[in-house]
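*Asks:* Sequence isn't available, so here's the structure alone:
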Ligand code: THU
């Protein structure tokens, strides 16, 4: 396997401090690298009307799209206190799928560093994506 992108992991951990998570107290920071090499970060943004809150992955993907990026080359997710893996939720696996493929690395970190490494294919096998509509 390729060496993990430590810079991306550190950017995700740094982003955690900006999370807006007054209800769950579960901060999540995401950093992703696009096809130009640019890094985009995002955090979870909760809401008093709970279902309206959004995940950190959605924030980082929105930042990438706004900057013109269209491909996730690698993504790091840092969340919680490190006692358990903060793997992307089901909806976020599909969000990543839109701009990634089965080989896209998903690096999972806690506040103290990298804990595990997966590919999107590991976490969302036999997925449905843009190619299905062409
Ligand atoms: N959360 C994320 O930001 N990404 C995930 O993939 C898992 C969950 C957030 C949503 C909510 O603000 C908090 O973590 C607890 O579920």
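*Replies:* Arrived safely, thanks for sending. Quick caveat, the model's predicted, so the values are computed rather than measured.
*Asks:* and this protein, which of its residues are near the ligand?
*Replies:* 21, 24, 26, 28, 44, 46, 53, 55-57, 88-89, 92 (CB under 6 Å from any ligand atom). Every residue, glycine included, has its C-beta placed from N, CA and C.
*Asks:* Max pairwise distance over the residues you listed: which two?
*Replies:* Pairwise distances across the residues of the chain next to the ligand peak at 16.7 Å for 46 and 88 (criterion: CB to CB).
*Asks:* So between those two, which is more surrounded?
*Replies:* Neighbours per residue, other CB atoms under 10 Å: of residue 46 and residue 88, the larger number sits with residue 88, 24 against 19.
*Asks:* ok, that one touching residue 77?
*Replies:* Yes - between residue 88 and residue 77 there is a contact at 5.6 Å, judged by CB atoms under 8 Å.
*Asks:* related to what we said a few turns ago, ok, and the most crowded of the residues of the chain next to the ligand?
*Replies:* Sorting the residues of the chain next to the ligand by how many neighbours each has (other CB under 10 Å) puts residue 56 first, at 29 neighbours.
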